[in-house]
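Trainee: Kindly return the folded structure for what I paste below:
(3 chains)
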Amino acid sequence: KFKGAPEIKTDDGWSFKPRGRILYDFNNLSSVPSTISIPGEGFSNEARRVRLGVQGKIPGGFGYKLEADLLDGVELTDAYLDYKSGGLTITIGQHNNFQSLEEISSSNDTSFIERSAFTDAFGFQRKVGVSAAYKTGDILLQGGVFTDNIDDLSDGNDSINLDGRIVYAPKLGDAQLHLGGSVHWTDLGDSIDSVRYRQRPLIHSVDTRFINTGNITAEEQLTYGLEAAVISGRFHAAAETHWAKVSRPGLANPTFFGGSVEAGLFLTDDTREYRGGVFKGVKVNNPVGSGGSGAWQVNVRYDRLDLTDAGIIGGTQDGYMASLIWTPVDYVRFLVNYGHLSYGNALGIVTGAPEDYSVDVIGARAQISF
Amino acid sequence: KFKGAPEIKTDDGWSFKPRGRILYDFNNLSSVPSTISIPGEGFSNEARRVRLGVQGKIPGGFGYKLEADLLDGVELTDAYLDYKSGGLTITIGQHNNFQSLEEISSSNDTSFIERSAFTDAFGFQRKVGVSAAYKTGDILLQGGVFTDNIDDLSDGNDSINLDGRIVYAPKLGDAQLHLGGSVHWTDLGDSIDSVRYRQRPLIHSVDTRFINTGNITAEEQLTYGLEAAVISGRFHAAAETHWAKVSRPGLANPTFFGGSVEAGLFLTDDTREYRGGVFKGVKVNNPVGSGGSGAWQVNVRYDRLDLTDAGIIGGTQDGYMASLIWTPVDYVRFLVNYGHLSYGNALGIVTGAPEDYSVDVIGARAQISF
Amino acid sequence: KFKGAPEIKTDDGWSFKPRGRILYDFNNLSSVPSTISIPGEGFSNEARRVRLGVQGKIPGGFGYKLEADLLDGVELTDAYLDYKSGGLTITIGQHNNFQSLEEISSSNDTSFIERSAFTDAFGFQRKVGVSAAYKTGDILLQGGVFTDNIDDLSDGNDSINLDGRIVYAPKLGDAQLHLGGSVHWTDLGDSIDSVRYRQRPLIHSVDTRFINTGNITAEEQLTYGLEAAVISGRFHAAAETHWAKVSRPGLANPTFFGGSVEAGLFLTDDTREYRGGVFKGVKVNNPVGSGGSGAWQVNVRYDRLDLTDAGIIGGTQDGYMASLIWTPVDYVRFLVNYGHLSYGNALGIVTGAPEDYSVDVIGARAQISF
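Mentor: Presented below is the predicted three-dimensional model:
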């Protein structure tokens, strides 16, 4: 059976499916203040994600997922084995540590070409560890112990993370509700002594960060967030908040904030999918090639990131965004995004930056993924 | 159905096939003038290409190809999505920009272990871009806009390429004719300010270039070429010419030249394949393992490269080559090549090089590809 | 048919199977003398192997195996084509050069999380070359000519290796016997002028080597070893010895020694597999998910490495180890190892190291492989 790529399955519990994705971005950054001189102004383009991998199941409840991004060398994304029994899933290896609804939903299925600013700013990334998830009725509990990203594991890195998330996802009539919260504690250990929070202006092909705390001497980090979403027919809305508190030795501990709220509407008779506490890819009702025009969706978002607190002045970013997504057939997407990004407390964060200013971005993406 | 690797297909338009290739070279360089001291003299060997990838089709006309070379880290080769409708193909992502008949024919199917000198010398490589190809009857039109190779895309790289190619490929009785031409314009942009043309002495395991312009300060590059080929039964011949013109700021603009002519004959009852404006791999009529001896082919080639013009003295290379190819079964090849390479205008291009000299090379390859 | 991943096969000689493995280690190093300060003391963890690849067969007797490790960039492991006819196998490309029973048995099927100390210490690794193997009755003959590892092949590297191995593997009643020996000669060539022998304290996540010759100026290396093993029902035992002799210009030639002896017992009704001169993975008789508890095995080992001879003082290591292996289903393993490593002649090999001391390690591994 094809799910983008063929999934080979047997009745006695074996399965195997190749995985892959190709995402290209063609972007533009404009309205940068003339006092700022950066290479990324104007047109830029990049391969955003190019990945190959495999996933499968082995009789007895075991499974695995192994995927690598092939840009700039090789970077492993998911690389884990798991065991499932009833509502329980135990996972060993590198995987997402339940950071937020949008972060753990696949980047293939987002409403915009990039996730909310806080998900990158606060350093969410997959880490090596052991976790358990338990689903019972409308409740999902997730928790784990993690060390660090697979590329950062040296024998001197003794950082440790505790992560937990709870989701309540009832159906209200035809509407799918999602309410959740997560908390994430990191002891940076002896070999890591700072954190840095920063973010690009929506489009990833630009490497300048207009908002940036620089390195903050730190011993621990605590982040926590709330999630809410609703899907009803062609409509969906989602809102998230996240706070990051940094424990500094002998100094005041800043707490930074990020959050976003979005709403989207399918112009065609389609709906956003949701399963297992995350958003899933649309299943196009009238695909191209079968007489249809695919699925068309519009989304708007307000995205806030505040990296200024307790003497750290990393700036604030208010993003106002709109996206148009065409999904001609399952597994293929074309996105166009517009973003107006307004900065505050930004004096000198990038060389020449005034206190307050704004920039405009346009991002276009072609995507195939399975 | 197996095409080297299994192609999994459905009636409603899905397909998936793994891709891979393993090419090993065992080479020898001799007759180097005693005044030249280089590490590559004598025997050398290398893995020439080791690749893994996937390709597939998605109902509605969509498709993709994703392949990576695994030597010296990871280097993406083809990484694109495409859409096909009738004779039209639209491609987005990294792919070949129609540089010449031999360049865009697969390296699995070449008559010699390396392509003609000009294809490397003039910097042909896959780039990220958008292209369209249209086939009608015996005519094929190809054109596209490209930026740069996927590994060279930074937010400051604003180079741009326009590429076009036209092919006329009629059947004359049993003979397949191919006539073509292509033109390629590059604006190097603000961050790239030079080009360099050079080439190895046929065998790739040797890193010395006896012919080399060094870096030439440049703003633009224009290359254009002509292609002709004929396949008739066991015989084939192919000839190509290509010119590269460099626009230098405030200096004379040199035009360099490369070209080759080759002829080949199958000793067995086989023929060279051709489809869609490129050469394809032989389909062995009497393979080993079915009572046959595989396909045996001999080829000869004259290969010219002239990198001396308008004050730039990069040398000239005249290559006289012969190859013997054994294809025991489809997807497996063994090649032996001999090359006599004669250099002119070469004084000091490599330390100790005289004005004129020649070297001899032998190259042997074992290849499996699918 | 699934062998971890699906093997797609046809009656006329085609086959294709994806390959992959994910091995995570969670380790602890303790009892390090207080005079030694190293980052790896205490807990450490890493992805030990993360690999993707393919293997297949092509009608006529041809085949290939291509696999890459995706940690720290990409490192090719097996990358070869082969030809089989009757008992004869010819292999071209990067593959193991028959170094010892344990080295050429897959790391998926070892009795401990790491192989015997000498297999790493003496630099066993896959190399590019051409080899032949011939099996007749209970006798296996293997020999080849190799250059160097695929990542170390430059046009100046003219090192060369000759390798041979002989195995006699009769059945005595129900017992499988294995007797073997191998010899390996290396001419380092002009561009490599030293060797270095060293080894970690069993667990790979620790990068400190308590035993280490440092660089030894060398021209040639000769290693040779003996192998013996027996499998009888739930019981197995294996013993190996290996010597490495270094030819130094104008100095005495040291000969270093490594060897190990191990014994193992399945607590469940299972047996260690053996085929073609190497150990193979257990086929679990009563797997989890079918009412069974998987295969449970205990092993003990004594592992000796002596890197002190002819004026070179690299230390000695005596390892006393025990392992418990749970194989719940074929292709999935969980291992716990304990090791007590005793060092002699070790003064200053690591900064602060006394003449004699010992350390303790615990290693735990989760593994999926196919």
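Trainee: any weak-confidence spans in the stretch 51-200 of chain A?
Mentor: Residues of the stretch 51-200 of chain A meeting the criterion pLDDT under 70: none.
Trainee: all strands of it, in order?
Mentor: Remark: strands assigned in the stretch 51-200 of chain A by DSSP state E, counting those that start in this stretch are A:62-69, A:75-85, A:88-95, A:127-136, A:139-146, A:160-168, A:171-172, A:175-187, A:194-195, A:198-199.
Trainee: what residues does chain A put near chain C?
Mentor: With Cβ under 8 Å from any Cβ of the partner chain as the criterion, chain A meets chain C at residues A:8, A:10, A:13-14, A:16, A:18, A:52-54, A:56, A:58-62, A:64, A:66, A:68, A:73-74, A:76, A:79-81, A:92-94, A:128, A:147, A:150-151, A:153-156, A:158, A:191. Every residue, glycine included, has its C-beta placed from N, CA and C.
Trainee: buried subset of the residues you listed?
Mentor: Buried members of the residues of chain A next to chain C, scored by 16 or more other Cβ atoms under 10 Å in any protein chain shown, are A:8, A:13-14, A:16, A:18, A:52-54, A:56, A:58-62, A:64, A:66, A:68, A:73-74, A:76, A:79-81, A:92-94, A:128, A:147, A:150-151, A:153, A:155, A:158.
Trainee: out of those, which touch chain B?
Mentor: With Cβ under 8 Å from any Cβ as the criterion, those include A:18, A:52, A:73-74 near chain B.
Trainee: What count of nearby residues applies to A:Val284?
Mentor: A:Val284: 23 surrounding residues under other Cβ atoms under 10 Å in any protein chain shown.
Trainee: ok, it - contacts?
Mentor: When contacts are counted by Cβ atoms under 8 Å, 6 or more residues apart in numbering or on different chains, A:Val284 is found next to A:270, A:292, A:294-295, A:327-330.
Trainee: and it, how far is that from A:Ser290?
Mentor: 9 Å (Cβ to Cβ, to the nearest Å).
Trainee: same thing with A:Glu67?
Mentor: 30 Å.
Trainee: These two: which has the busier surroundings?
Mentor: When neighbours are counted by other Cβ under 10 Å, A:Glu67 and A:Ser290 differ, and A:Glu67 comes out ahead with 20 against 14.
Trainee: Would you confirm that that one contacts A:Arg49?
Mentor: No. In this structure, A:Glu67 is not within contact of A:Arg49 by Cβ atoms under 8 Å, at 10.2 Å.
Trainee: Helix, strand, or coil at the closest residue to chain B within the stretch 251-370 of chain A?
Mentor: Distances between the stretch 251-370 of chain A and chain B by Cβ to the nearest Cβ are smallest at A:Gly289, namely 3.0 Å. Put simply, A:Gly289 is coil when judged by DSSP: H, G, I helix; E, B strand; the rest coil.
Trainee: That one contacts B:Lys57, doesn't it?
Mentor: No. Contact criterion Cβ under 8 Å: A:Gly289 and B:Lys57 do not qualify, at 10.9 Å.
Trainee: Find the residues that touch each one of these two.
Mentor: What both A:Gly289 and B:Lys57 touch, as defined by Cβ under 8 Å, 6+ apart, is the set B:Gly13.
Trainee: Please name the nearest non-neighbouring residue to the residue of the stretch 251-370 of chain A closest to chain B.
Mentor: B:Gly60 (3.0 Å; Cβ to Cβ, 6 or more residues apart in numbering or on different chains).
Trainee: show me the contacts for that neighbour.
Mentor: Contacts of B:Gly60 by Cβ under 8 Å, 6+ apart are A:287-290, A:328-329, A:332, B:13.
Trainee: Now with 6 Å, please.
Mentor: For B:Gly60, the contact set (Cβ atoms under 6 Å, 6 or more residues apart in numbering or on different chains) comprises A:287-289, A:328-329.
Trainee: Enumerate the residues of the stretch 1-150 of chain A near chain B.
Mentor: Counting by Cβ under 6 Å from any Cβ of the partner chain, the residues of the stretch 1-150 of chain A close to chain B are A:2, A:5-6, A:20, A:22, A:24, A:39-40, A:44-47, A:50, A:70, A:73-74.
Trainee: which of the residues you listed has the most neighbours?
Mentor: Counting neighbours by other Cβ under 10 Å, the top entry in the residues of the stretch 1-150 of chain A next to chain B is A:Leu70, with 28 neighbours.
Trainee: wait, that residue sits on A:Ala47?
Mentor: No. Contact criterion Cβ atoms under 6 Å: A:Leu70 and A:Ala47 do not qualify, at 8.9 Å.
Trainee: which residues are in contact with both of the two?
Mentor: When contacts are counted by Cβ under 6 Å, 6+ apart, A:Leu70 and A:Ala47 have no shared neighbour.
Trainee: Pick out the residue closest to the middle of chain A.
Mentor: Geometric centre of chain A, nearest residue: A:Glu103, 3.0 Å, by Cα atoms, centre = their mean.
Trainee: so who does that one touch?
Mentor: A:119, A:124.
Trainee: Off-centre distance for stretch A:8-28?
Mentor: 18 Å (Cα atoms, centre = their mean, to the nearest Å).
Trainee: Send me it as PDB with only the CA atoms.
Mentor: Provided in PDB are the C-alpha atoms of stretch A:8-28 (Å, rounded to 0.1, in the frame of the first residue of the first chain):
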ATOM      1  CA  ILE A   8       5.200  -3.300   2.800                       C
ATOM      2  CA  LYS A   9       3.200  -5.200   5.500                       C
ATOM      3  CA  THR A  10       2.500  -8.700   6.600                       C
ATOM      4  CA  ASP A  11      -0.400 -10.100   8.700                       C
ATOM      5  CA  ASP A  12       2.000 -11.300  11.400                       C
ATOM      6  CA  GLY A  13       3.300  -7.800  12.400                       C
ATOM      7  CA  TRP A  14       6.100  -6.900  10.000                       C
ATOM      8  CA  SER A  15       6.100  -3.600   8.200                       C
ATOM      9  CA  PHE A  16       8.600  -1.500   6.300                       C
ATOM     10  CA  LYS A  17       8.300   1.900   4.600                       C
ATOM     11  CA  PRO A  18      11.000   4.200   3.100                       C
ATOM     12  CA  ARG A  19      10.800   7.800   4.100                       C
ATOM     13  CA  GLY A  20      11.900  10.900   2.200                       C
ATOM     14  CA  ARG A  21      11.200  14.600   1.800                       C
ATOM     15  CA  ILE A  22      12.400  17.300  -0.500                       C
ATOM     16  CA  LEU A  23      11.600  20.900   0.400                       C
ATOM     17  CA  TYR A  24      12.800  23.900  -1.600                       C
ATOM     18  CA  ASP A  25      12.400  27.500  -0.500                       C
ATOM     19  CA  PHE A  26      12.500  30.600  -2.700                       C
ATOM     20  CA  ASN A  27      12.300  33.700  -0.500                       C
ATOM     21  CA  ASN A  28      12.600  37.400  -0.400                       C
END
